[in-house]
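Asks: Provided below are the primary sequence and the corresponding predicted coordinates.
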Amino acid sequence: MRIVRAFCAAAAIVAAAVPAFAAGYPERPITVVVPFPPGGGSDVAARIVSAEAEKSIGTNMIVENRPGATGNMGAAAVARAAPDGYTILCAALSVWSINPALFKGLTYDAAKDFDLLTVAVRTPNVLVVRKDFPANTVAEFVAYLKANPEKVSFASSGSGSSDHLTAELFWQKTGTHGNHIPYKGGGPAIVDLVGGQTDASFQNLGVISPQISSGKVKALAVTSDERHAMLPDVPTLKEQGVEGVDVYSWQAFGAPKGLDPAVRAKLETALTTALRADAVKAAFAKTGFDVVANTGKEFEAFQAKEIARWKQVVAEGAIPSP
């Protein structure tokens, strides 16, 4: 009987300690891991959102870059971290939904190893061609691809990247194909497209918009479900008869699986509140990103659809691991 009473007392102490811990959270700075080098979309998103979110969460949010293996190293490190709310991840769709389809033997499970917090922002890709390419509409472009199989070169920021897989999806939906030319990043890919060394590319709206406005490349379509305010005169693929290629590049936050519900709620609230701040929206709008700020549950449903989608694209395209 004494043993039973002692056990019950100990259990009561532990149970009481859990809400006490949550109530005291946070008691030290929070590390926001970005699994890519500084300056990229994930890094920019992490820094803009963290600077605003720390005002309401009550502690510093320190961005730490841990690049390597297309984001896999940093993501795995966060997955293995303690689920105490002091380590979170800010990463692109590649980490959350593409890498699981591309890489065998990943040391993290994107769907099972994280408590998803929010999809922060998204931006569509733009189908662009060199300025002297003999097509001015998507219909003309598709006709040219069919008349010249494998001859049209598509530049991308790397094998398995969002822009590469968008091209693969476009080919699958239109019954066409092109010659994929992978580069080590979006910058070199754009340089060669502008220089006429390649023919076409699907590039993030904010990255390619200066070249579009200056006439260095032609924009044929955006991959969003509606026209974008930054390019109001450029129609969507859907408007031009290509269905199923509504694609966005997005950045999202998550934490190691097993957060205390109160801690998870506090993180989600701080992040989504920060994202809805006028100054944050304005900062992202300048780079072509639109704020999403959905809930963790909505993120979970969205991620499941994205993983299934890119898994199918990779399989149909027989795309090897990078």
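Replies: Perfect, thanks for sending it.

Asks: can you tell me which residues contact the residue lying closest to Gln240 once chain neighbours are set aside?
Replies: Spatially, and ignoring its direct neighbours in sequence, Gln240 is nearest to Val138 (4.0 Å; Cβ to Cβ, 6 or more residues apart in numbering). In short, each C-beta sits where N, CA and C put it, glycine included. Neighbouring residues of Val138 by Cβ atoms under 8 Å, 6 or more residues apart in numbering: Leu127, Leu220, Ala221, Pro235, Leu237, Gln240, Gly241, Val242.

Asks: same thing but at 7 Å, please
Replies: Applying Cβ atoms under 7 Å, 6 or more residues apart in numbering, we find Val138 in contact with Leu220, Ala221, Leu237, Gln240, Val242.

Asks: Let me know the helix or strand that the last one is in.
Replies: In this assignment (DSSP states H and E), Val242 forms part of neither any helix nor any strand.

Asks: Only alpha carbons, please: show stretch 112-131 as PDB.
Replies: Output of stretch 112-131 as PDB, limited to C-alpha atoms (Å, rounded to 0.1, in the frame of the first residue of the first chain):
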ATOM      1  CA  LYS A 112       6.300  11.800 -38.700                       C
ATOM      2  CA  ASP A 113       9.300  13.500 -37.000                       C
ATOM      3  CA  PHE A 114       7.900  17.000 -36.600                       C
ATOM      4  CA  ASP A 115       5.100  18.900 -35.100                       C
ATOM      5  CA  LEU A 116       4.200  21.200 -38.000                       C
ATOM      6  CA  LEU A 117       3.500  24.800 -36.900                       C
ATOM      7  CA  THR A 118       2.700  26.900 -40.000                       C
ATOM      8  CA  VAL A 119       3.300  27.400 -43.700                       C
ATOM      9  CA  ALA A 120       4.700  30.900 -43.600                       C
ATOM     10  CA  VAL A 121       4.800  32.200 -47.100                       C
ATOM     11  CA  ARG A 122       4.500  31.100 -50.700                       C
ATOM     12  CA  THR A 123       5.400  32.400 -54.200                       C
ATOM     13  CA  PRO A 124       4.600  31.000 -57.600                       C
ATOM     14  CA  ASN A 125       7.100  30.100 -60.300                       C
ATOM     15  CA  VAL A 126       7.100  31.800 -63.600                       C
ATOM     16  CA  LEU A 127       7.600  30.100 -67.000                       C
ATOM     17  CA  VAL A 128      10.200  32.300 -68.700                       C
ATOM     18  CA  VAL A 129      12.000  31.900 -72.000                       C
ATOM     19  CA  ARG A 130      14.900  33.800 -73.600                       C
ATOM     20  CA  LYS A 131      13.900  37.100 -75.100                       C
END
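
Asks: average pLDDT across it?
Replies: When pLDDT is averaged along stretch 112-131, the result is 98.

Asks: How far does it sit from its chain's centre?
Replies: Centroid separation between stretch 112-131 and its chain, computed with Cα atoms, centre = their mean, to the nearest Å, is 4 Å.
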